[in-house]
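In: I would like to see how this sequence folds:
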Amino acid sequence: MIAKVTMTYTRLHFLNFIRCWIGLSMLGCGLAAMAQSPSSASSASSAVDTERKSDRNVLLVTLDGMRWQDVFRGADRRLVSTEAGAKNIRETQERFVVEDPVAAREKLMPFLWSNVAAEGVLYGDPAQESSVRVTNNRHFSYPGYSELLCGRADPAIDSNAKEYNENVTVLEWLDSQTDLHGRVAAFCSWDVFPFIINDKRSGVLVNAGWAPVADIIPAGDPADQHAHAELQRLDALAAEIPHLWSSVRYDYFTFKAAQVYLQTQRPRVMYVSFGETDDWAHEGRYDLYLESAQRNDDYIRQLWETIQTMDGYRDNTTLIITSDHGRGDDRTSWKSHSTSIPGCDVIWAAAMGPGIQPGHAGHLQLTQSQIAATVAAVLGYDFTESNPAVAKPLPCVPGLAKQE
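Out: Residues are numbered from 1 along each chain as shown. Here you go, the predicted model:
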């Protein structure tokens, strides 16, 4: 996605104030389940367990345009500069820049490295001769998300226009299964997702962009009144603050709506798509791009810890994380992505939980198109049955992931 806006120092400080305000206003509104202590992440099984089709869950998360370079090496000192567009240089250096790339990446995304990579698998590190590449030959968002969710690239998708996707996503396909119908939901910062997932045809709940969130939980059910009121407060705040991007809401709103929905409506399949990393990158603000990446990592941690407090989800939910496209790698090209910029086809992917075999991720050449079948496989389903062009799951799901 691409968005342009001129931001002043004052407005950035206003955003920081708003984030503090959001945190304080929601502090007393958490659901009782959050008071429980999360258990440790579940140990992974070695194969798809088809007998557990009816009770396993999956959480898919994407970080828009999050570079593999920052995931595996941490903050790039070259880009923490005025030439690359950063403004809060000293603060960013103190917060993120570390000489050792291992320490730097753990500083930037502590949950990804301390939990997901440690207990599961993380693909795409060139140092381990591992790669994950997009196959859509477009290297921007709509084609990337369609490939990721549909399991195959569609050359007819050549723009980010709000046109309904003719292809069936794994979300729609899973929702058509009897035991999953009505238990699939997507919360997305970018407002094009209703078209990518084709909510009109699929019937999948897609809450995206600046769309209100309160209506996703009915107010009439006494058991859901607290959650509905919490989302009403979120909507009221969203209506009051400046919208820096008309098509992309701040990731906190996406995260919080998803968390409340997860706790109260208990979806079996949830997709959460964050967007700020891409938009701050297009603004040339590497400092704010890093801050958003770190916040996204923490949002994922909070969602995972919420899952570990829930009966039926604790030790029974798989987490998959990836991105839609790469970016350039110098002080100018890092801000954008296209087929004319080298390396924008290179992404990364991570997974942990039931159905995921942890371990070595090196010496593998994988594709973005394998994500969709991986989502289905951990639930015991073979998405490749939907279309012969759908790619096989990632090799971390050994029961169905036979590589060509």
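
In: so, low pLDDT: which residues of this protein?
Out: Flagging of the chain using pLDDT under 70 yields the residue ranges 1-54, 399-404.

In: grab the most central residue of it for me.
Out: Geometric centre of the chain, nearest residue: Thr62, 2.1 Å, by C-alpha atoms, centre = their mean.

In: quick check: bridge partners of that one?
Out: In this entry, Thr62 is beta-bridged to Ser273, Thr322, by DSSP bridges.

In: how near is it to Asp324?
Out: In this structure, Thr62 and Asp324 are 6 Å apart, going by C-beta to C-beta, to the nearest Å. Where C-beta positions appear, they are placed from N, C-alpha and C, glycine not excepted.

In: list residues touching both of these two?
Out: Counting by C-beta atoms under 8 Å, 6 or more residues apart in numbering, the residues touching both Thr62 and Asp324 are Tyr145, Leu148.

In: got the buried residues for stretch 381-395?
Out: Within stretch 381-395, the residues scored as buried using 16 or more other C-beta atoms under 10 Å are Tyr381, Asp382, Phe383, Thr384, Ser386, Val390, Ala391, Lys392, Pro393, Leu394, Pro395.

In: nearest to Gln69, of those?
Out: Leu394 (21.1 Å; C-beta to C-beta).

In: assign that closest one to helix, strand or coil.
Out: When classified by DSSP: H, G, I helix; E, B strand; the rest coil, Leu394 comes out as coil.

In: surely it is in contact with Val375?
Out: No: counting by C-beta atoms under 8 Å, Leu394 stays clear of Val375, with 10.0 Å between them.

In: and Gly123, how many neighbours?
Out: Wrong residue type there; residue 123 is Tyr, not Gly. Tyr123 sits with 24 neighbouring residues when counted by other C-beta atoms under 10 Å.

In: so what does it have for phi and psi?
Out: For Tyr123, the backbone dihedrals (degrees, to the nearest 10) come out as phi -100, psi 150.

In: who are the contact partners of it?
Out: Tyr123 touches Ser130, Ser131, Val132, Trp348, Ala349, Ala350, Ala361, Leu364, Leu366, Leu394, counting by C-beta under 8 Å, 6+ apart.

In: go again using 7 Å as the cut-off
Out: Taking C-beta atoms under 7 Å, 6 or more residues apart in numbering as the criterion, Tyr123 is in contact with Ser130, Val132, Trp348, Ala349, Ala361, Leu364, Leu366.

In: report the beta-bridge partners for it.
Out: Ala349.

In: that one and Pro358, how far apart?
Out: Tyr123 is 12 Å from Pro358, by C-beta to C-beta.

In: and stretch 335-343, which residues are buried?
Out: Buried residues in stretch 335-343, counted by 16+ other C-beta under 10 Å: Lys335, Ser336, His337, Ile341, Gly343.

In: quick one, what contacts the last one?
Out: So that's Gly343. Applying C-beta under 7 Å, 6+ apart, the residues near Gly343 are Gly326, Gly328, Asp329.

In: in which helix or strand would I find it?
Out: Using DSSP states H and E, Gly343 sits within no helix or strand.

In: circling back to that earlier point, the residue nearest to the centre of the chain contacts Ile320, correct?
Out: No: under the criterion of C-beta atoms under 7 Å, Thr62 makes no contact with Ile320, lying 9.2 Å away.

In: can you give me the helices for the stretch 301-404 of the chain?
Out: Counting by DSSP state H, counting those that start in this stretch, the stretch 301-404 of the chain has helices at residues 370-377.

In: hmm, I was thinking of the stretch 101-250 of the chain
Out: 101-108, 110-111, 117-119, 141-150, 170-175, 193-196, 199-202, 225-240.

In: export these as a markdown table, with columns for mean neighbour count and distance to Ala86.
Out: Output for those, formatted as a markdown table (neighbours: other C-beta atoms under 10 Å; distance: least, C-beta to C-beta, whole Å):
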| stretch | mean neighbour count | distance to Ala86 |
| --- | --- | --- |
| helix 101-108 | 17 | 15 |
| helix 110-111 | 18 | 21 |
| helix 117-119 | 17 | 27 |
| helix 141-150 | 28 | 23 |
| helix 170-175 | 25 | 36 |
| helix 193-196 | 24 | 29 |
| helix 199-202 | 16 | 37 |
| helix 225-240 | 17 | 28 |
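
In: possible to save those as CSV with distance to Arg266?
Out: As requested, the helices of the stretch 101-250 of the chain are arranged in CSV below (distance: least, C-beta to C-beta, whole Å):
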stretch, distance to Arg266
helix 101-108, 32
helix 110-111, 23
helix 117-119, 24
helix 141-150, 22
helix 170-175, 15
helix 193-196, 21
helix 199-202, 20
helix 225-240, 12
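
In: compare these and give me the one nearest Arg301.
Out: It's helix 110-111; of those, that one is closest to Arg301 (C-beta to C-beta) at 3.9 Å.

In: and the contacts of the closest one?
Out: Helix 110-111 has contacts (C-beta under 7 Å, 6+ apart) with Asp297, Asp298, Ile300, Arg301.

In: go with 10 Å
Out: With contact meaning C-beta atoms under 10 Å, 6 or more residues apart in numbering, helix 110-111 is reached by 117, 294, 296-305, 321.

In: neighbours of Tyr252, how many?
Out: Applying other C-beta under 10 Å, we find 21 residues neighbouring Tyr252.
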